[in-house]
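Student: Sequence and predicted structure below; questions after.
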Amino acid sequence: MRAKKMTLAALALAAGLSLTACQGNDDSAAGSNSSAASSSGGGSSSSSAGTSGGGSSEEGGTSTGGGSGTGGTKAAGSAEAAPGSGGGKITTGDCKTENLEFSSSHGMGEGDLIVTLKNVGGDACSLKGFPGVDLRSQDAGRPLSAKRSDLAAPAVSLQNGDETRFTLHYPPNNTGGTGAYVSSMVVTPPNETHSKSLPVSISLPVEVGADQKVVVDPVGTGKQ
């Protein structure tokens, strides 16, 4: 176990990742660094840093088995309309973390994890941009932050009860070894500073460059 901790930590440091420690208490909005996502629609980033200040708080999420759909493969600049499952007029601005219900499921492709965000706040709201995603493993001393894909981010409007999704891509562990087991994922919606923690079950290969292959697509891309 100590050998795996040292190996994964060394890989993350060698890659120059900006790893955040989203380990705040529930509902705490100050005093800790968060991995809030950018409000910009495209481009890449070496970390999932937010565009506004403030701390982060984590709340329990839910995980559902199965599921289908994978992240899109369109190049930057090919944003598509993504009105969620029912569309709707935007009335309350950006969706808040406290008004979203989170769940995750494995996609059709190996190495794809689908995260669903459902508006349960009662009013319509909007999402646009990349979510912040940090993977936590007992085999690593610090979280691993997902990099951003090159997909353009569509504007997503959600009426109460509507859902939208994003895809996390990661390298599956096909090395034959035990790898680094990831047991939870901390998600920060676009333009938010508060996070939610979701239980997941992912095994990453402990090899050079594996951390660079953990990539997140913007909200509203892929099969909705």
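Tutor: Looks like it arrived, so ask away. Numbering: from 1, shown residues only.
Student: Going by C-alpha atoms from here, please, whenever you check contacts or count neighbours.
Tutor: OK.
Student: so is the closest residue to Glu163 other than its chain neighbours in a helix, a strand, or just coil?
Tutor: Once flanking residues are discounted, Glu163 sits nearest to Lys118: 4.3 Å by Cα to Cα, 6 or more residues apart in numbering. Secondary structure, DSSP: H, G, I helix; E, B strand; the rest coil: Lys118 is strand.
Student: Let the chain start at 54 from now.
Tutor: Sure thing, new numbering starts at 54, so read that last one as Lys171.
Student: Just to check, Lys171 is in contact with Ser210?
Tutor: No: using Cα atoms under 8 Å, Lys171 is not in contact with Ser210; the gap is 11.2 Å.
Student: Could you check which of the two is surrounded by more residues?
Tutor: Ser210 (30 against 21; other Cα atoms under 10 Å).
Student: In terms of pLDDT, where does the more buried one sit?
Tutor: We have a pLDDT of 95 for Ser210.
Student: Could you look up the next helix or strand downstream of the helix or strand of the chain with the lowest mean pLDDT?
Tutor: Within the chain, no helix or strand scores below helix 55-67, which has a mean of 40 by mean pLDDT, DSSP states H and E. Per DSSP states H and E, the first helix or strand lying C-terminal to helix 55-67 is strand 153-159.
Student: Parallel or antiparallel, list what pairs with that following strand.
Tutor: If you go by DSSP bridges, strand 153-159 pairs up with strand 165-172 (antiparallel).
Student: Can you show me the CA trace of the partner strand as CSV?
Tutor: C-alpha atoms of strand 165-172 as CSV (Å, rounded to 0.1, in the frame of the first residue of the first chain):
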residue,chain,number,x,y,z
ASP,A,165,-16.3,6.3,-19.2
LEU,A,166,-18.3,7.4,-16.2
ILE,A,167,-21.6,9.3,-16.7
VAL,A,168,-22.6,11.9,-14.1
THR,A,169,-26.2,13.0,-14.1
LEU,A,170,-27.3,16.4,-12.6
LYS,A,171,-31.1,16.8,-11.8
ASN,A,172,-32.7,20.1,-10.9
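Student: what's downstream of that strand, the next helix or strand?
Tutor: Following strand 165-172 toward the C-terminus (DSSP H and E): strand 178-180.
Student: Can you give the contact residues for that next one?
Tutor: Residues outside strand 178-180 that contact it (Cα atoms under 8 Å, 6 or more residues apart in numbering): 143-148, 172, 208-212, 242-243, 272.
Student: again, only this time at 7 Å
Tutor: Contact with strand 178-180 is made by 143-148, 208-212, 243, as judged by Cα atoms under 7 Å, 6 or more residues apart in numbering.
Student: now, which of these sits nearest Asn226?
Tutor: Asn226 lies nearest to Pro243 out of these, by Cα to Cα, at 29.1 Å.
Student: Roughly how far does that closest one sit from Pro184?
Tutor: If you measure Pro243 against Pro184 using Cα to Cα, to the nearest Å, the figure is 5 Å.
Student: Show the buried residues in the contacts of strand 178-180.
Tutor: By neighbour count, with 16 or more other Cα atoms under 10 Å, those hold 143, 147-148, 208-212, 243 as buried.
Student: Can I get those residues in JSON lines including distance to Val261?
Tutor: As requested, the buried ones among the contacts of strand 178-180 are exported to JSON lines (distance: Cα to Cα, whole Å):
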{"residue": "Ile143", "distance to Val261": "44"}
{"residue": "Asp147", "distance to Val261": "38"}
{"residue": "Cys148", "distance to Val261": "37"}
{"residue": "Ala208", "distance to Val261": "36"}
{"residue": "Val209", "distance to Val261": "36"}
{"residue": "Ser210", "distance to Val261": "39"}
{"residue": "Leu211", "distance to Val261": "40"}
{"residue": "Gln212", "distance to Val261": "43"}
{"residue": "Pro243", "distance to Val261": "30"}
